[in-house]
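Asker: One predicted model, sequence on top.
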Amino acid sequence: MSTMFTVDRKDLRRMHWLERPAEPLAHGQARLRIDRFALTSNNVTYGAFGDAMRYWNFFPTGDATTGCIPVWGFANVVESRAPGVLAGERFYGYYPMAEDVVLQPARVSEAGFMDGTAHRRELHAVYNQYLRTDADPLWRADQEGLIALLRPLFTTSFLIDDFLADNDFFGARSVLVSSASSKTGYGLGYCLAARRGRESAVVTTGLTSAANVAFTKDLRCWDRVVDYADLSSLAADEPAVYVDMSGNAAIRERIHSQWQDRLRYSCAVGGTHWESLGAGKGLAGPRPALFFAPDQVKKRREEWGAAGLSSRLAIAWSGFVDRVSNTELPWLSVKEARGREAVEQSYVALLDGAVPAREGRVLSL
């Protein structure tokens, strides 16, 4: 039997364990045992936007009322009928919260493969790529926890920073970021801070809850940190860009009302405040535009080439990991746990916003 963690698509708090028989492999398929995966507020965003962004489509449950939230992590090939993919190999990629998964490796290379399973062919290629750890320049055995937790999130942070700079920050030199204590939030803060002293530098404001103000200030990547309750203290007389990691409709409305037409761009990214989501209609200023990282990946691959994009990302990632894991003041502590109960507890804690900002959960079934 194979076990999968699923949730109700309309009520993310309703959890289910789905057990299905392990089907024999067809020619061209490989079975991977999922060894460890990260669970963060980013995964809650996948659930919150599961229908709109088709995240439910990657790992179907066979029941239209439930969905499997995808995660990033590592898995080992335990059985293979796919040419070029051998039992015992280890891959980093996009997996279900499950014991194992059957993939159909296509375009197999030294670097890895793309999943060619029929229902995934119409989904974005970024999520269908699986990398061999022994050929991955970013992989280190002692950093797997950090990689699972931060690599996909930092890639998004890097791409948002690049997108904003590519558009000259839409004529603004001030950037407001909600959920600034989140991993994607402070990844963006790190990238923006790296522009200090350069022509492309901007003034950054990290917005966060009262409980996370101290942590967010300790990061030292934001020019200023402001409690949501103190938004009115911010002068709104200069053009600004808003990057919305929280999805909180009330906070979004306050930002738009305060800046009005001086808000040059409103970038919708995440849903860490998943129970406070709302539509972006009727707001003062620009209508929020959803940021979809794969679109920026496609643009840069066309302009820089795949190798050029990978090189730039690798340089940024190296500096970010060094800062995150700094022994004097680390930004993140990896907490690992195993089993169904651990998965359920971590998932509920994330829904409740009860996971400390400095903590990252890496889980196994």
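Answerer: Thanks, I have it.
Asker: for the stretch 101-250 of the chain, what are the low-confidence residue spans?
Answerer: Within the stretch 101-250 of the chain, not a single segment meets pLDDT under 70.
Asker: for the chain, longest helix please?
Answerer: helix 293-324 (DSSP state H).
Asker: which element follows that one toward the C-terminus?
Answerer: Counting by DSSP states H and E, the next helix or strand C-terminal to helix 293-324 is strand 333-338.
Asker: what helices or strands is that next one leaning on?
Answerer: With contacts defined as 3 or more C-beta pairs under 8 Å, 6 or more residues apart in numbering; DSSP states H and E, the packing partners of strand 333-338 are helix 144-166, strand 359-364. Using the backbone N, CA and C atoms, a C-beta is placed for each residue, glycine as well.
Asker: right, and the helix or strand after the longest one?
Answerer: Just to be clear, that refers to helix 144-166. Once the chain leaves helix 144-166, the next helix or strand it forms, by DSSP H and E, is strand 174-177.
Asker: What pairs with that next one, parallel or antiparallel?
Answerer: strand 203-208 (parallel), strand 240-244 (parallel) (DSSP bridges).
Asker: For residue 315, grab the count of nearby residues.
Answerer: 10 (other C-beta atoms under 10 Å).
Asker: Quick check, central residue of the chain?
Answerer: Centroid-nearest residue in the chain: residue 153, 3.7 Å away (criterion: C-alpha atoms, centre = their mean).
Asker: From residue 38, how far off is that residue?
Answerer: Applying C-beta to C-beta, to the nearest Å, the value for residue 153 to residue 38 is 9 Å.
Asker: can you check residue 264 too?
Answerer: According to C-beta to C-beta, residue 264 and residue 38 sit 34 Å apart.
Asker: Tell me which of these two has more neighbours.
Answerer: Between residue 264 and residue 38, residue 38 has the larger neighbour count (other C-beta under 10 Å), namely 26 against 20.
Asker: can you pull up the bridge partners for that one?
Answerer: Taking DSSP bridges, one finds residue 362 as the beta-bridge partners of residue 38.
Asker: Can you tell me, leaving aside adjacent residues, what's nearest to residue 215?
Answerer: residue 357 (4.6 Å; C-beta to C-beta, 6 or more residues apart in numbering).
Asker: close enough to count as contact, that neighbour and residue 212?
Answerer: Yes: using C-beta atoms under 8 Å, residue 357 makes contact with residue 212 at a distance of 5.1 Å.
Asker: shared neighbours, the two?
Answerer: Common contact partners of residue 357 and residue 212 (C-beta atoms under 8 Å, 6 or more residues apart in numbering): residue 181.
Asker: For the spatially closest residue to residue 127 that is not a sequence neighbour, which residues are in contact?
Answerer: Spatial nearest neighbour of residue 127, chain neighbours left out: residue 94 (4.7 Å); criterion: C-beta to C-beta, 6+ apart. Neighbouring residues of residue 94 by C-beta under 8 Å, 6+ apart: 58, 70-72, 127-130.
Asker: Noted, bye for now.
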